[in-house]
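Asks: What shape does this take:
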Amino acid sequence: MPTWSEILNEIKKLIDDKDPAPYDRLRRKYLSNVYRETKRDTILYASKFTQGKVDNPEFISINDEDIQGLMEVMHGLKGSNLDLIIHSPGGSAESAEAILSYLRTKYTHIRVIIPNLAMSAATMLACGSDIIIMGKHSFIGPIDPQMVIPTQFGNILVPANAILDQFNFAVEECKNPDMLGVWIPILPQYGPSLLMECKNAINLSKDLLKNWLENYMFKGEKDASKKANEISEELSRSDLKSHSRHISREQAKEMKLKIENLESNPKIQDLYLSIFHATTHTFIGTDAVKIIENHKGKAFIKLEHKFITTPEQK
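Replies: The predicted structure is shown next:
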């Protein structure tokens, strides 16, 4: 199996050979190779969130700009089956809904491959597939949405469940008049509608996930609705205690999600992990913070402050 350092050595060789785009060249080589093996349209959707801090979290989040990226890389693809490789911290549930709706206008069968992490709204996207492929090192996460909260230090993302839990804790604390002085500076941040927005966002995430599981992953099964509801409730539990909680492949299987082991086909496993390692090196060695790219080399790449596109490779 190619390791992170072996992929780095391949990149170094391309650099030594004066290749003008070594990171892109290697990533696209493996994307092309995996298509030759699977004969399924292949799209990489990856964000820089495990390779250092990005100035603006919106740059790496699932958002409405991603539709433009998908329009770019899906144009000209002929297949009806898709392999979507996801490495993402999540983002907007509404944007995830739009993305899945768009993908389903073209593809009748979608596999999501998680080489490492697909969290929050990325977990939701994965659950909108027909089947998820995970390795021993792959994880999904809770689906409780994150809310953008303005602070004196700038905007921060806070899990909706945490906001509701903190408010309920404050209500109990403030029954003691001595605690009012502690909470009065904190409570104004909730604003006139934040709590209801949190409740609505949580319910939306649960409803979307349930509907997608019922209509795609469990379509035609007698107990589809029951399984979909149970999984939706399980992934949105507030007692998971952390929005970043890592849920392993075995735990996902115990929830009754349809999971295939990445290791079941060693050749395909090597190619997917090579794509992942090449992508993480791209994030380390360039200004790229988000990459949406197909197996033909057509890409929509978010740099720290702008997008670039690349044409299909001949």
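
Asks: quick one, helices of the stretch 101-250 of the chain?
Replies: Ranges of helices in the stretch 101-250 of the chain, per DSSP state H, counting those that start in this stretch, are 121-127, 160-173, 180-183, 194-212, 224-235, 249-254.

Asks: Dump those to a markdown table, plus mean neighbour count and mean pLDDT.
Replies: C-beta here means a position set from N, CA and C on the backbone, and glycine is covered the same way. A markdown table is the format used below for those (neighbours: other CB atoms under 10 Å; pLDDT from 0 to 100):
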| stretch | mean neighbour count | mean pLDDT |
| --- | --- | --- |
| helix 121-127 | 28 | 95 |
| helix 160-173 | 16 | 83 |
| helix 180-183 | 12 | 82 |
| helix 194-212 | 18 | 90 |
| helix 224-235 | 18 | 94 |
| helix 249-254 | 16 | 96 |
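
Asks: pretty sure residue 84 is touching residue 106, no?
Replies: No. Taking CB atoms under 8 Å as the definition, residue 84 is not a contact partner of residue 106, at 11.8 Å.

Asks: the more surrounded of these two?
Replies: Neighbour comparison, residue 84 and residue 106: the larger count goes to residue 84, with 25 against 15 (by other CB atoms under 10 Å).

Asks: Residue 301 belongs to a strand, doesn't it?
Replies: Yes. With DSSP: H, G, I helix; E, B strand; the rest coil as the criterion, residue 301 is assigned to a strand.

Asks: ok, residue 295 to residue 74 distance?
Replies: Distance from residue 295 to residue 74, counting by CB to CB, to the nearest Å: 12 Å.

Asks: got any residues that touch both of the two?
Replies: Both residue 295 and residue 74 are in contact with residue 43, where contact means CB atoms under 8 Å, 6 or more residues apart in numbering.

Asks: Neighbour count for those two, which is higher?
Replies: The neighbour comparison of residue 295 against residue 74 (other CB under 10 Å) goes to residue 295, with 26 against 19.

Asks: The more buried one contacts residue 34, doesn't it?
Replies: Yes. Under the criterion of CB under 8 Å, residue 295 makes contact with residue 34 at 6.9 Å.

Asks: Next, show the common contact partners of those two.
Replies: Common contacts of residue 295 and residue 34 (CB under 8 Å, 6+ apart): residue 42.
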